[in-house]
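Asks: predicted model follows, preceded by the sequence.
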Amino acid sequence: MRDLDLSSDDQYPLVAIVGRPNVGKSALFNRLTKSNTSLVEDLAGTTRDRIYRPLEWRGRILRLVDTGGISTGRSEGDPFAGLISDAVTGVIDQAMVVLFVVDASTGLNPADSQIAERLRHRKESVILVMNKAEKKSSEYMEGEFFSLGLGSPIKISALHGKGGGDLLDEVLEMIPLIEESEGVEQNSILDESLVRLAIVGRPNVGKSSLTNAIIGEDRVIVSSIPGTTRDAIDTRFAFDGHRMVIVDTAGIRRRGRVERGVERHSVQRAEASMDRADVVVLLLSYEEILTAQDTHIAGYANENFKGMIIAVNKWDLATDRSNRAELVRSLDHRYRFLPWAPVMFVSAQTGEGIQDLLQLAVNAAMLRRKRIGTGEINRVIRGAIATHAPPMTGTKRLKVMYVTQAEISPPTFVFFVNDPDLVHFSYKRFLENQIRENFDYTGTAIRLIFRRRSADRFDEESEI
């Protein structure tokens with residue numbers, strides 16, 4: 001696979017987020033890219049570096065860049081020196097679309113006016129974004145920000161996830177379609193991107209040792225003291241022609257033992273690492289294989305529709321391996337909400353099982369990016385309904401009009417039905433099992449969404 005450098009690869013449209021400090025640029029960046037790379041605190045100027053991330057919306061691939069806070073200082077002879085650094089100016093000039101973020105909670109600021117002046121020459125490709133607009137009082141701020149001369153602001157709340165879809169629709173309106181003749185496949189950034197692997201688990205199960213065994217060097221500190229690794233360290237490596245990244249997280253401590261400060265941050269960072277991952281490796285210790293904390297971790301990954309592999313480490317300590325099948329049955333029962341997650345036995349000490357673990361991770365990541373044609377999925381669901389009709393709910397029965405795969409990573413299937421309230425959890429599970437039996441999704445969660453299709457758009461004959 002080729003090395004994808006988002007900071008310089010101009011085949012994908014660049015969208016830059018700019019604005020004065022503390023208006024919510026990093027929160028917006030994280031919300032749109034579903035990441036937590038930019039450290040978000042209630043302090044001005046927290047983000048100092050430019051961070052690039054891929055973003056897919058309605059089948060289009062974009063490069064989003066968080067430029068960091070623009071200070072309000074000036075230098076003699078240049079009213080914009082200090083206000084906009086040379087680096088940020090360069091990004092603005094390169095960007096196809098600029099998202100100029102302002103703060104609805106504080107209103108118009110002199111720094112906003114100064115930045116608007118810098119952007120006005122290209123206002124046709126600038127979108128004024130009014131963040132923190134969750135309160136009704138923010139409506140009174142629209143006129144203030146309209147005076148900047150950059151058009152009507154789009155109201156969003158990055159914190160609550162409101163308005164992001166409308167904002168991205170507006171971005172796509174400004175970006176001309178990239179012709180296939182130019183040799184750019186719009187989904188190649190996802191097909192050829194890194195496989196992101198999060199190794200999670202309680203302290204002292206061997207996460208750092210496993211990372212070191214995979215990459216062949218002591219990249220992270222290894223100790224027998226629980227919780228030695230406090231930071232989440234991204235480690236790149238190659239496996240079988242695939243570029244991969246391990247996020248070796250800090251240990252997740254037992255409930256009640258989480259201290260304030262660094263350890264509390266470690267728990268949050270571990271969850272953030274799972275948020276960033278394609279596939280989560282839940283690492284257990286052969287010495288203590290079933291704990292409530294591990295189940296909690298698995299539940300978090302499942303709720304966020306991640307890929308998942310359950311790996312039992314320290315298998316080299318097993319003096320009697322004849323109980324392996326019994327252990328698998330115990331794990332299957334404990335994690336019965338993850339029937340699709342494979343179980344592996346590995347040893348970070350000897351390297352046993354690590355190659356198979358990585359192969360499973362790659363396979364799961366690729367399956368998460370697989371697309372199923374609408375015709376194929378509807379044939380499967382039509383056949384499933386014919387053999388097992390939805391149960392009656394009172395005098396009503398669920399009717400499925402059609403199904404389509406709306407997203408990848410995670411694979412998301414949208415069912416258009418007469419009434420989503422008629423979907424019983426057991427029938428939802430049946431439909432998911434039908435998809436899994438016909439289309440391999442081993443190692444990854446899939447998401448089923450049921451949406452109402454208005455009555456005037458279907459009749460009895462339109463049911464699949």
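Replies: Great, that's in hand. Numbering: from 1, shown residues only.
Asks: going forward, measure contacts and count neighbours with C-alpha atoms only.
Replies: Fine.
Asks: mind checking how far the residue lying closest to Thr442 once chain neighbours are set aside is from Gly443?
Replies: Sequence neighbours aside, Trp340 is the residue nearest to Thr442 in space, at 5.5 Å (criterion: CA to CA, 6 or more residues apart in numbering). Distance, Trp340 to Gly443, by CA to CA, to the nearest Å: 6 Å.
Asks: who has more neighbours out of those two?
Replies: Taking other CA atoms under 10 Å, Trp340 and Gly443 do not tie; Gly443 has more neighbours (27 against 21).
Asks: and that one, what does it touch?
Replies: Contacts for Gly443 were tallied using CA atoms under 8 Å, 6 or more residues apart in numbering; they are 307-309, 340-342, 360-361, 363-364.
Asks: between these, which is nearest Arg196?
Replies: Ranked by distance to Arg196 (CA to CA), these are led by Ala361 at 9.1 Å.
Asks: okay, now the closest one: neighbour count?
Replies: Using other CA under 10 Å: Ala361 sits among 25 other residues.
Asks: that one belongs to a helix, doesn't it?
Replies: Yes - note on Ala361: a helix contains this position according to DSSP: H, G, I helix; E, B strand; the rest coil.
Asks: that one and Ile309 touch, don't they?
Replies: Yes - proximity of Ala361 to Ile309 meets the contact threshold set by CA atoms under 8 Å, at 7.4 Å.
Asks: shared neighbours of those two, which are they?
Replies: Common contacts of Ala361 and Ile309, defined by CA under 8 Å, 6+ apart, comprise 279, 443.
Asks: show me what Ala16 is bridged to.
Replies: Ala16 has these beta-bridge partners by DSSP bridges: Val65, Val98.
Asks: what number of residues lie near it?
Replies: Residue crowding around Ala16 was assessed by other CA under 10 Å; the count is 25.
Asks: and for the one 3 residues further on?
Replies: A count of neighbours around Gly19, defined by other CA under 10 Å, yields 26.
Asks: give me the nearest residue to it, chain neighbours excluded.
Replies: With CA to CA, 6+ apart as the measure, Val101 is the residue that lies nearest to Gly19, at 5.1 Å, once sequence neighbours are left out.
Asks: ditto for Val102
Replies: The shortest distance from Val102 to any residue other than its chain neighbours is 5.1 Å, reached at Met130 (CA to CA, 6+ apart).
Asks: who's in contact with the one you found?
Replies: Taking CA under 8 Å, 6+ apart as the criterion, Met130 is in contact with 101-104, 153-156.
Asks: in contact with the residue nearest to Thr442, which residues?
Replies: With contacts defined as CA under 8 Å, 6+ apart, the neighbours of Trp340 are 441-445.
Asks: kindly report the same for Gly161.
Replies: When the contact criterion is CA under 8 Å, 6+ apart, the partners of Gly161 are Arg31.
Asks: so what pLDDT did it get?
Replies: Looking at Gly161, its pLDDT stands at 85.
Asks: and Leu172, by the same measure?
Replies: At Leu172, the pLDDT value in this model is 85.
Asks: again, but for Ser409
Replies: 89.
Asks: got a pLDDT number for the nearest residue to it once chain neighbours are set aside?
Replies: In this structure, Ser409 finds its nearest non-sequential neighbour in Arg368, 4.9 Å apart by CA to CA, 6+ apart. Arg368 carries a pLDDT score of 95 in this model.
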